[in-house]
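In: Take this sequence and fold it.
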Amino acid sequence: MSPPFVTLGPWLRRTFGRGVHRVALDAGSTCPNRDGTRGFGGCAYCDVEGSGTGALRSGTELAEQLERGIERVRRRDADPGVIAYFQSYSNTYVQSDRLREVLAVVEPRIADPVVAVSVATRPDTLSDSALECLGELAQRVPVWVELGLEAADDEVLESIHRFHTVEEFRRAVVRCRAAGLAVIGHAILGLPGDGREGARRTARVLAECAVEGVKVHNLMVLRRTRFERNWRAGELAVLDVETYVEWLADFVERLHPGAVLHRLTGDAPPAQRLAPHWGVHKNEVRERLAAALERRGSRQGSLVKPAPGDGADTRPSGGAQVPKR
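Out: This next block holds a predicted model:
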């Protein structure tokens, strides 16, 4: 029986006709709330590597990162598809020449084996020239822009040092779609001051924006973050797994029924993560979510009222067609 929500693995196989794996890439980008443009020190939950690999700082250039990643994937899968995932920091927060240089790394590997390019960034770092660069690439391979919303409340965003607004996120989605790009929205459940209703509100905004995909996870406390200080001082609590699953069920019920859930829980190296320590594998979180929705008699999008003419299978294409094999 299929789960009552749209999971990434089966969607990738249906879309690309084979197993698809991410290869994380570090382009050495930075962020406007680290360099002083909007703030210093980064988001309260973000570590000094910007949730990335730190590979470029170690001297591993992008082309080598991609080739090493492809080699790793091929040891597990003889005929894989690959998502070239520019992960660390805000990858469009660079001059257009640098962005073109970064994106050019994937060109020789389009279709063999790169079937999609995913670019993590912020909604306030999407210049017209950046969207033009991404839109040009999207003529040859699907391009996903991963935009951090995190919480649909400007006060919460200010308190966690995001320093952008919900309206900026909304506008960024519209601009991405006009450029032929798909959007994956990011959300964090359990942020201080957000609560259960905040989880519901964030899902509603993502549904209203009709993002093609969603990454959602629980608040984690990582070493070398602002939240580490708060947590050690007893000023910050994290969700237990039972509470998270209930809030996650609320969240999923309010998403667009066609949005693909790329992630359902947080993931960080054990040595880096201070809290929580659930002792529960991510597959069990997925199973618990399915069970919670089944108990409620609901599923993804069950609390969304579709606009006239809208349907679960009417998703924006996100640009280029899937390459033929």
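In: mind listing the helices for the stretch 101-250 of the chain?
Out: Taking DSSP state H, counting those that start in this stretch, the helices of the stretch 101-250 of the chain run over residues 128-137, 154-159, 166-178, 195-209, 226-232, 241-253.
In: Mean pLDDT, distance to Glu146 and mean neighbour count added to those helices, as CSV?
Out: Placement of C-beta: from N, CA and C, glycine included. Conversion of those to CSV gives the following (pLDDT from 0 to 100; distance: least, CB to CB, whole Å; neighbours: other CB atoms under 10 Å):
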stretch, mean pLDDT, distance to Glu146, mean neighbour count
helix 128-137, 97, 12, 18
helix 154-159, 97, 17, 16
helix 166-178, 98, 10, 19
helix 195-209, 98, 13, 21
helix 226-232, 96, 21, 16
helix 241-253, 98, 18, 22
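In: right, and those - which one's nearest Leu99?
Out: helix 128-137 (5.0 Å; CB to CB).
In: if we look at that closest one, which residues are touching it?
Out: Contacts of helix 128-137 with the rest of the structure, by CB atoms under 8 Å, 6 or more residues apart in numbering, involve 92, 96, 99-100, 103, 106, 117, 119, 143, 145, 175-176, 178-181, 319.
In: rewinding a little: got the helices of the stretch 101-250 of the chain as TSV, with distance to Arg299 columns?
Out: Written out in TSV, the entries for the helices of the stretch 101-250 of the chain read as follows (distance: least, CB to CB, whole Å):
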stretch	distance to Arg299
helix 128-137	33
helix 154-159	28
helix 166-178	24
helix 195-209	14
helix 226-232	33
helix 241-253	8
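In: closest one to Asp47 among these?
Out: When these are ranked by proximity to Asp47, the top entry is helix 226-232, at 9.0 Å, counting by CB to CB.
In: Which strands or helices does that closest one pack on?
Out: Other elements packing on helix 226-232 under the criterion 3 or more CB pairs under 8 Å, 6 or more residues apart in numbering; DSSP states H and E are strand 221-222, strand 273-275.
In: Could I get the CA-only coordinates of the helix or strand that comes right after the last one as CSV?
Out: If I follow you right, that is strand 273-275. Towards the C-terminus, the helix or strand next in line after strand 273-275, according to DSSP states H and E, is helix 282-296. Output in CSV follows, covering the C-alpha atoms of helix 282-296 (Å, rounded to 0.1, in the frame of the first residue of the first chain):
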residue,chain,number,x,y,z
LYS,A,282,14.4,8.3,9.5
ASN,A,283,12.5,5.4,8.0
GLU,A,284,10.7,4.9,11.3
VAL,A,285,9.7,8.6,11.3
ARG,A,286,8.2,8.0,7.9
GLU,A,287,6.3,4.9,9.1
ARG,A,288,5.0,6.7,12.2
LEU,A,289,3.8,9.6,10.0
ALA,A,290,1.9,7.2,7.8
ALA,A,291,0.3,5.6,10.8
ALA,A,292,-0.6,9.0,12.3
LEU,A,293,-2.4,10.1,9.1
GLU,A,294,-4.1,6.7,8.8
ARG,A,295,-5.4,7.0,12.4
ARG,A,296,-6.8,10.4,11.5
